[in-house]
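>>> Got a sequence here, can you build the structure:
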Amino acid sequence: MARYLHNLRLRRRKRLAEHAVASGHGDRRVAVIGLGRFGSSLAHELMRRGWDVLGVDTDPHLVQRISDDLTHAVVADCTDPETLRQLGVHEFSSAVVGIGTDIEASILIASNLLEAKVPNIWAKAISRQHGQILERLGVHHVVLPEHDMGERVAHLVTGRMLDFIEFDDDYALVKTVAPAVSTGMPLGESQVRRKYGVTVVGIKRPGEGFTYATAETVIEKGDVIVVTGKIHDVESFAELS
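So this is what the prediction gives:
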């Protein structure tokens, strides 16, 4: 095992160095620990975006299934800090803990990554309590994919939104059909921001691509717009459509 890990690190370092020189970018290495549905999907997307991905899981079947698609994939238990050190994860700029169901393993791995001083650590949580523990540990980014997606779909089902994305401080970005109150005059004259507390940031007409909105933009009936603002305000504005 030790010899294999040593050879793996040598091969990985050579390949990552060659990629960095060829691409002209800085450190674009990430370790994805946990290769279930969330971790494997994330790893594939990172590879598509040109990152070098080390995938790690304790299940050899999961590793074998994805090994040909990643920069490297290895069977290892990252609850052991020595394993992380041997894999060289402490040299990576980013790491993602994709384990959700085994909360103890998730917390241990996150702690090991923090101890190794990995600059950017992301971790999946399966509940708000799990997320709070990870945040208290010092994990830089905590995601609750099931909760976030459920909340997003709920907004789409119950409202008149075409898409909904929530971000920090109770703000959201919403795509919706333009309400009549915003059409027929320049945005600067319709005073949408003052009256409804939202900002129109983009507009799409049938058959055309999205364009940025300005104070001179005139929204027409049937246009799709992207607005941002407090969640309550964008919800109320979308209901006017």
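
>>> So, low pLDDT: which residues of this structure?
For the chain, residues meeting the criterion pLDDT under 70 lie at 1-26, 155, 168.

>>> Could you break it into its assigned domains?
Here the domain assignment for the chain is 2-143, 148-238, based on automatic domain parsing.

>>> Just say which of those is most tucked in.
Most buried of the domains of the chain, by mean neighbour count (mean count of other Cβ atoms under 10 Å): domain 2-143, with a mean of 17. Where C-beta positions appear, they are placed from N, C-alpha and C, glycine not excepted.

>>> got the end-to-end distance for stretch 217-226?
End-to-end distance for stretch 217-226: 13 Å, by Cα to Cα, to the nearest Å.

>>> Residues in contact with it: which ones?
When contacts are defined by Cβ atoms under 8 Å, 6 or more residues apart in numbering, stretch 217-226 is touched by residues 162, 173-178, 180, 182-187, 190, 200-206, 210, 213.

>>> quick one: which of these sit in strands?
If you go by DSSP state E, the contacts of stretch 217-226 have 162, 173-177, 200-204 in strands.

>>> Tell me which residues touch the residue sitting nearest the centre point of the chain, please.
Using Cα atoms, centre = their mean, the residue of the chain that lies closest to the mean C-alpha position is V143, 7.8 Å off. Residues in contact with V143, defined by Cβ under 8 Å, 6+ apart, are 122-125.

>>> Tell me the spacing between the nearest residue to V181 once chain neighbours are set aside and V198.
Distance criterion Cβ to Cβ, 6 or more residues apart in numbering; nearest residue to V181, sequence neighbours excluded, is L240 at 5.8 Å. For L240, the distance to V198 equals 10 Å [Cβ to Cβ, to the nearest Å].
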